[in-house]
Each structure stands twice: as C-alpha cells, then as structure tokens.
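Enquirer: Sequence first, then the predicted structure, then my questions.
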Amino acid sequence: MHLHHATDAIRGPAPHSLLALHAGASAVFAVALLPPAGWPLALAGCLLILSMLVRTLRAPATQLGRTASGSALLALDLVVFLLCYALRESDADWHATAFCTLLAAPYAGITRRMSGGAGLAIVASLAWLGLQDDIQASNAATLLVFNLAGICACHSQQRQRRAHVRQHAVLAEQAVRDHLTGCYNRRYLDEHLLGAELARSQRHGLCLTAILCDLDHFKRINDAHGHAAGDDVLRTFATLLGNATRHGIDSVVRHGGEEFLLILPETDLAGGVRLAERLRAGLLQHIGTTASFGVACIAFAPDGQTCGPAALVAAADSLLYQAKHAGRNCVRAAMLDAL
C-alpha cells in the first residue's frame, strides 16, 4: 500500500470567488435592466441565481462539481439575458456587451483545460452573433476582447491550479517520507500503512509478512568514520531494500535509527525468509557491514480472525532480538497466530 500522488484527486481550490462574483453580477444585471413591471420576474431570477450560488458553494471541489455548477450558472445567465433582450429590445447592444462581460469570469472556473475555455468562448460568440441583426465593428471588437480575456484567464488559472496540485503532491509525499533515506517514515506506518495492509490481507484471506532488519554494529561505523559516512551507509541500505522489493506492492519503512521494516503483502513465511537471506548474503559486499533479520508472517483465513498492527511488528522485533543474540548476521522467522 503506497501513498498515491493522485494529481487527479488533489484539486486546487474551487474558484468560488469567481462564481460568486458571476452570480452577483447576474443578479444586478437582471434587476437593473428589467422594466418596473417586471420586478416580480427580476426577484424570481435573483432567487434562482442565489439558490444556484448556494448549490455551487456546497458542490464538491472536483472537476465534475465545478463543471456542473458553472454550466448551470451560465445557462441561468443566458435565460436572464434573453428575458432582458425581449423586454428591452432597444438596449440589445448594451445587453450583449454586458453578457459578454459576464461570460469572461467563469472561463477559469468551469473548464480544466485550455480547449474547454476556447470551446466556451466559441459558444458564447455564436450565441451573441445569433442575436444581432446588424453586427457593428465596435460590438464585434468588444466580443473578441472579452472572449480573449476569458481564454487567457482560463489558461492562467489552470497553470496556477496545476502548480498548486504539484506543490500539494510534493508536500504530501514529504510528510510520509524519511528525509534521509526516502523510505516511508514511522508515522505513516503507524497511522495508515500497516493498518491498511492488515485490513486488506484479512479481507481477502491473504498472507502478510513483516521483516524487521537492523544493521550490525552500526555505531562502530559512526565512531570510526563519522556520521556522514553512517548516513551514506543508511542511504545505500535503503536503496538495496527498495531494489529487492516489489515496486508498488511492498513497502520499505525506516523504523528508527538503523532499523528498517519491510511490509510484504501476499507473501508467505518462506518468501519472506528467502528475501531476508538474499539481502543478508550481499550486505557485507555492498555496504561493508552485516545485518540481522526478524521475519514474522500471519496467514489470514476468511473466518473472522484478526491481528493488530502492534502484534505483527512486536513479533518481528522479538525475532530480530533472537537473531542478535544468536550472533548477528542471521535470520530468525516464525508464523504469528492470529489473535
């Protein structure tokens, strides 16, 4: 179980401020342009816009929510504009210009891609042109300026949103990683990783193996060569562990100091022992020291048995202790009975 960046899942903030401004401007537009006899209609339009604004603010900050809410606001604006156009035909040019102004704001909030903003601009342009009996150069220029502004706003907003997503992904990854080795940290293990893997293994009746490994006489390396050399050894050891495990399936955790914990889903005890022995055999050549390994495995059956995260790690720690007392540079393994 790994932390997914999921840039599709990590969203920038929904542009509620743009949509709120858009809805407010629409309400003012409706009230200001309808004739006195149309005040009940204007009030009803304002109430509709207000209800749509509330719905927008309560919508989830996902692309679907933004698209649906923003599109509904645009549709409502179009209805208000058409009513104003029908009731005050003599002001049609001003209505069209105002409607184009309103259209500039939602480009960035509705679409996620530049092509979406361009498509929206084209639709708005065709709608405006279809309402004009005599297209004047000044009106066409106004339309072009506002639509270009909308497209540029869309492009700028999406660049900012993508940067925001990337920044959140980096920060989220840093929060669960050990800064020295790049492995998962103890906090992520305790708060999410181990509990999630145990639950999945139990749910599907699978084996789950934990290997706790500790570099032998690591203090001697720090004393003899300095802490910088010790840090290099830890980084090299972490790289070896990562290369020996299955990417996207197994997890390597810096458990503390020179201790590392491997979480191996769908791996039985024999598979865990083979991995530990393979790692042990090559360590002296690669990093100039040896390591001891404690391998604990639990095999779930779909009969409701459970095992707490602390029990599995405690079992691996006990086996590691046995390996240390057996002379180090060895592997000790056992099955853990479900509690």
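Expert: Received, thanks.
Enquirer: in this structure, which segments are predicted with low confidence?
Expert: Along the chain, the model assigns pLDDT under 70 to residues 1-155, 157-158, 302-306, 338-339.
Enquirer: Kindly recompute the last result at 50.
Expert: By pLDDT under 50, the low-scoring segments of the chain are 1-15, 37, 64, 105, 108, 111, 338-339.
Enquirer: okay, now Leu240: neighbour count?
Expert: The local packing of Leu240 (other Cβ atoms under 10 Å) involves 18 other residues. Glycine gets a C-beta too; all of them are placed from N, C-alpha and C.
Enquirer: is it true that it touches Arg280?
Expert: No - look at Leu240 against Arg280 with Cβ atoms under 8 Å: they stay out of range, at 10.9 Å.
Enquirer: separation between Arg332 and Gly288?
Expert: 23 Å (Cβ to Cβ, to the nearest Å).
Enquirer: Neighbour count for those two, which is higher?
Expert: Arg332 (21 against 12).
Enquirer: hang on, that one is in a helix, isn't it?
Expert: No - applying DSSP: H, G, I helix; E, B strand; the rest coil, one finds Arg332 to be strand, outside a helix.
Enquirer: List the residues that contact it.
Expert: Phe293, Gly294, Val295, Leu319, Leu320, Gln322, Ala323, Ala326 (Cβ atoms under 8 Å, 6 or more residues apart in numbering).
Enquirer: Pipe those residues into TSV and attach neighbour count, distance to Pro309 and secondary structure per row.
Expert: TSV is the format used below for those (neighbours: other Cβ atoms under 10 Å; distance: Cβ to Cβ, whole Å; DSSP: H, G, I helix; E, B strand; the rest coil):
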residue	neighbour count	distance to Pro309	secondary structure
Phe293	26	20	strand
Gly294	26	16	strand
Val295	31	17	strand
Leu319	23	16	helix
Leu320	24	17	helix
Gln322	16	21	helix
Ala323	25	22	helix
Ala326	12	26	coil
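Enquirer: Quickly name whichever of the residues you listed is closest to Leu206.
Expert: Val295 (16.6 Å; Cβ to Cβ).
Enquirer: So what pairs up with the closest one in the strands?
Expert: Ile211, Ala333 (DSSP bridges).
Enquirer: Isn't Leu275 up against Ala244?
Expert: Yes - here Leu275 reaches Ala244: they are 6.4 Å apart, a contact under Cβ under 8 Å.
Enquirer: Pick out whichever of the two has more residues nearby.
Expert: Shown here are Leu275 and Ala244; by other Cβ under 10 Å, Leu275 has more neighbours (23 against 15).
Enquirer: In which helix or strand does the more buried one reside?
Expert: helix 269-287 (DSSP states H and E).
Enquirer: Next, please give the residue ranges for the helices of the chain.
Expert: Ranges of helices in the chain, per DSSP state H, are 16-33, 39-58, 63-87, 92-104, 106-110, 114-130, 137-176, 186-188, 194-204, 218-225, 227-244, 269-287, 309-325.
Enquirer: what's the burial count for the residue nearest to Ser201 when sequence neighbours are not counted?
Expert: Leaving aside its sequence neighbours, Ser201 sits nearest to Leu208 (Cβ to Cβ, 6 or more residues apart in numbering; 4.1 Å). By the criterion of other Cβ under 10 Å, Leu208 has 25 neighbours.
Enquirer: buried ones in the helix holding Leu275?
Expert: For helix 269-287, a neighbour-count test (16 or more other Cβ atoms under 10 Å) marks Leu269, Gly272, Val273, Leu275, Ala276, Leu279, Arg280, Leu283, Ile287 as buried.
Enquirer: Could I have the CA atoms of it written out in CSV?
Expert: Output of helix 269-287 as CSV, limited to C-alpha atoms (Å, rounded to 0.1, in the frame of the first residue of the first chain):
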residue,chain,number,x,y,z
LEU,A,269,6.8,-17.0,5.6
ALA,A,270,9.1,-18.9,3.1
GLY,A,271,9.0,-16.0,0.7
GLY,A,272,9.9,-13.6,3.5
VAL,A,273,12.8,-15.8,4.6
ARG,A,274,14.2,-16.1,1.0
LEU,A,275,14.2,-12.3,0.7
ALA,A,276,15.9,-11.8,4.0
GLU,A,277,18.6,-14.3,3.2
ARG,A,278,19.2,-12.8,-0.2
LEU,A,279,19.6,-9.4,1.4
ARG,A,280,21.8,-10.7,4.2
ALA,A,281,24.1,-12.5,1.8
GLY,A,282,25.0,-9.4,-0.2
LEU,A,283,25.2,-6.7,2.5
LEU,A,284,28.9,-7.2,3.5
GLN,A,285,30.0,-6.7,-0.1
HIS,A,286,27.8,-3.7,-0.8
ILE,A,287,28.0,-1.6,2.5
